[in-house]
Structures are given as C-alpha cells and as structure tokens.
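Asks: okay, here's the prediction I keep looking at, along with the sequence it came from:
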Amino acid sequence: AQSVTQLDSQVPVFEEAPVELRCNYSSSVSVYLFWYVQYPNQGLQLLLKYLSGSTLVESINGFEAEFNKSQTSFHLRKPSVHISDTAEYFCAVTSNDYKLSFGAGTTVTVRA
Amino acid sequence: EAQVTQNPRYLITVTGKKLTVTCSQNMNHEYMSWYRQDPGLGLRQIYYSMNVEVTDKGDVPEGYKVSRKEKRNFPLILESPSPNQTSLYFCASRTGRLNTEAFFGQGTRLTVV
C-alpha cells in the first residue's frame, strides 16, 4: 500500500512571490502521481500529473512539479503566485491496486 | 459535458435517520469511489467499485454502505448516521486504466445532529 505525506499544512505567501509545496510518498512499486487543487466550496480539480517520461511536468496555469524517484518526492512549485491561487492543494498517488491515496492537504493563502 | 454529479450538496439530518447520497457519472468510467474529507486528514476512501456489482471497503468503511447496480451510479448509504459522520463527502470516478486521473463531484456537506 502507498501513503502520501504533505510536509506543510499551511503556506502563507505574498502575491508574485514563489511557492513550493512539498510532497513525499511511499510505495514499493511503480506509482502515478497527481496534484489536485480545491478552491473554496468546490470539488477537486486535477492540476497536473506524472505518469512516465520527463520528470518535470507542467500545468496550464504556471505550476510545475518534479518527480524524484530517489527521494520519493513530487514537490509542486510556482515561480509567481496570484491571489486566485488561494486554495487547498492535495498530492495523491496511485499504483497497481488502483487506490488513489491523498495527503492531508496544504492550504495556500496568497496575500496582496 | 463530462461530469460527476452528487446530490444533495448540503444535508442536515438527525442521528439514526437513514439517508442516501447519490452519485452519477456520464463518462462510462469503470472505477468509482467515495471519500470523506476532514480537516487535517485529507481525503480518506470509504468504499470503491471496480465495476458493476463489484464493491469493496476502503480505509474508513464503518457505518457506510454502497451499491453499484448500474455503471453510472454509485450511491452512498448511511443506515444510521451518527455525529462522527459529519463531514464533506466526495464521489469520484476514473477509467479502468491506472494512468488516468479521477474526476470528482462537487461534494456533499453532511451534518448529523
């Protein structure tokens, strides 16, 4: 079985500053990794995913995440955040048992 | 539009009164699941279904039931709700392939008093 640890529960950040959300996973088999975002009073939306190939994956709204197999990490970054990036972010992992396991979430609050 | 639809969005009920939260998807997905979201705990899987008539327990199944009589529907049943089941519930669906993402409903906020 796999598990996910998000190392920061709350990340306050100023507008236009960079942000990094840390995610580590544990699994004994090959994994697929995802970042989901949850805006206030909404469901979860896929932000980006790592399936195979290049270890750096990007989203359409400026986020990127790097898969590091040796460190079992999948950290999420954005070089310059906007007020609209205020949300809760979840790292998730799945492997050959189909189960999608989530971390506890990181709340990002962007201040002007 | 591809979507997962949950109903109701909000529900307040009393202890012991049976309730059902419906979930429907229009993407012909094989795999469906229910999660509950609680502060500081992330999303925890309650039950999942690999296909019609195939269901299994997730991490926190106590106090819940599910059924999968049709591919598109996956209702969550609370036979005798208790206050510790007050939570935000999400239904999700995905294809039968591992390398695909899950699609989530808008959530159902349940309060049991």
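Replies: All right, it came through fine. Please read all numbers here as calculations on a predicted model, not as lab measurements. Numbers count the residues shown, from 1 in each chain, chains lettered A, B, ... in the order given.

Asks: spell out which residues of chain B are next to chain A.
Replies: Contact residues (C-beta under 8 Å from any C-beta of the partner chain) of chain B with chain A: B:4, B:31, B:33, B:35, B:40-45, B:48, B:50, B:58, B:90, B:92, B:94, B:98-99, B:101-102, B:104-107. Every C-beta, even on glycine, is put in place using the N, C-alpha and C of the backbone.

Asks: give me the distance between the residue nearest in space to the middle of chain B and A:Asn61.
Replies: Closest to where the C-alpha atoms of chain B average out (C-alpha atoms, centre = their mean) is B:Trp34, at 2.9 Å. Spatial separation of B:Trp34 from A:Asn61 under the definition C-beta to C-beta, to the nearest Å is 29 Å.

Asks: again, but for B:Pro61
Replies: The spacing between B:Pro61 and A:Asn61, counted by C-beta to C-beta, is 36 Å.

Asks: A:Gly43 now?
Replies: With distances taken as C-beta to C-beta, A:Gly43 is found 17 Å from A:Asn61.

Asks: wait, a strand at the residue nearest to the centre of chain B?
Replies: Yes. Assessed with DSSP: H, G, I helix; E, B strand; the rest coil, B:Trp34 lies in a strand.

Asks: I'd say it and B:Arg68 touch.
Replies: No. Assessed by C-beta atoms under 8 Å, B:Trp34 is found out of contact with B:Arg68, at 11.1 Å.

Asks: overlap in contacts of these two?
Replies: Shared contacts of B:Trp34 and B:Arg68, defined by C-beta atoms under 8 Å, 6 or more residues apart in numbering or on different chains, comprise B:Phe74.

Asks: hang on, the earlier thing: name the element the residue nearest to the residue nearest to the centre of chain B when sequence neighbours are not counted belongs to?
Replies: Closest residue in space to B:Trp34, ignoring its immediate chain neighbours: B:Ile46 at 4.3 Å, by C-beta to C-beta, 6 or more residues apart in numbering or on different chains. B:Ile46 belongs to strand B:42-51 when assigned by DSSP states H and E.

Asks: wait, doesn't B:Val113 sit right on B:Leu11?
Replies: No. Counting by C-beta under 8 Å, B:Val113 sits too far from B:Leu11 to count as a contact (11.2 Å).

Asks: more crowded one of the two?
Replies: Using other C-beta atoms under 10 Å in any protein chain shown, the more surrounded residue of B:Val113 and B:Leu11 is B:Leu11, with 16 against 9.

Asks: circling back: neighbour-wise, which of A:Gly43 and A:Asn61 wins?
Replies: Neighbours of A:Gly43 and A:Asn61, each counted by other C-beta under 10 Å, are more numerous for A:Gly43; the result is 19 against 12.

Asks: so who does that one touch?
Replies: B:4, B:90, B:104-107.

Asks: swap in 7 Å and give it another go.
Replies: Taking C-beta atoms under 7 Å, 6 or more residues apart in numbering or on different chains as the criterion, A:Gly43 is in contact with B:90, B:104-107.
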